[in-house]
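Chemist: Generate coordinates for the sequence data below:
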Amino acid sequence: MKFVLIFGPQAVGKMTVGQELAKITGLKLFHNHMTIDLVNPFFDYSTKEGKRLVHLFRMELFESVAKSDLDGLIFTYVWAFNSQADWDYIDKVCHIFESRGGTVYFVELEADIDERLERNKTPNRLEHKPTKRNIAWSENDMKKSMEKYRLNSLDGEIKRKEYIKINNTNLSAEEVAKMIKEKFNL
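Modeler: Residues are numbered from 1 along each chain as shown. Predicted coordinates for the structure are as follows:
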């Protein structure tokens, strides 16, 4: 079982890279908005109940996939490195797969803010993430997040062997997916 965790700030290209990686590896993509947008018509993600339901759905899916005969899963996540709760969450998710003999691959993406603001408006993003269709709100949320959270790791902060950090400001999703596939022999 392979678990590919693609993380980085909003609109860095996690889902789009995940889509391309899924095409060339056969792994299933579970991008973080699949649960957020599932719950959102009932409970906003910013609410306690919204967060609880998103967490519950994700954990159940992780457990089921880890026990299955699937080759693996690609998951996208916005990781706040200055939040211990996010570190604990990542540890818990990794444990689900590693405790069953799976291998976890960390893929960190980073891109310039101007590029991310452009990517925030792409048709692919808006098609797959209904809660991002209010562009003004989404851009404001990105900027506020940058003030409150550190959304990329510091050099040497991630100690895992199976780790790659890619600045994809000037790279296509296809190029990045190919780099990931080759790096981890997926």
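Chemist: Next, the residue most central in space within the chain: phi, psi?
Modeler: When CA atoms, centre = their mean is applied to the chain, the residue found nearest the centroid is residue 76 (1.6 Å). Taking degrees, to the nearest 10, you get phi -110, psi 150 for the backbone angles of residue 76.
Chemist: contacting residues around it?
Modeler: 6, 7, 14, 15, 18, 29, 30, 31, 32 (CB atoms under 8 Å, 6 or more residues apart in numbering). Just so you know, the C-beta spots here come from the backbone N, C-alpha and C atoms, and that holds for glycine as well.
Chemist: Do I have it right that the last one meets residue 74?
Modeler: No. Residue 32 sits out of contact with residue 74 when judged by CB atoms under 8 Å, with a separation of 11.1 Å.
Chemist: How about the least confident helix or strand in the chain by mean pLDDT, which residues are buried there?
Modeler: Lowest by mean pLDDT, DSSP states H and E among the helices and strands of the chain is helix 123-128, with a mean of 74. Using 16 or more other CB atoms under 10 Å as the test for burial, helix 123-128 gives 125, 128.
Chemist: what's the helix or strand for the closest residue to residue 149 other than its chain neighbours?
Modeler: Nearest non-adjacent residue to residue 149, counting by CB to CB, 6 or more residues apart in numbering: residue 80, 3.9 Å away. For residue 80, there is no host helix or strand (DSSP states H and E).
Chemist: Packing partners of the longest strand belonging to the chain?
Modeler: For the chain, the longest strand by residue count, based on DSSP state E, is strand 103-110. Counting contacts by 3 or more CB pairs under 8 Å, 6 or more residues apart in numbering; DSSP states H and E, strand 103-110 is packed against strand 2-7, helix 14-25, helix 84-98, strand 163-167, helix 173-184.
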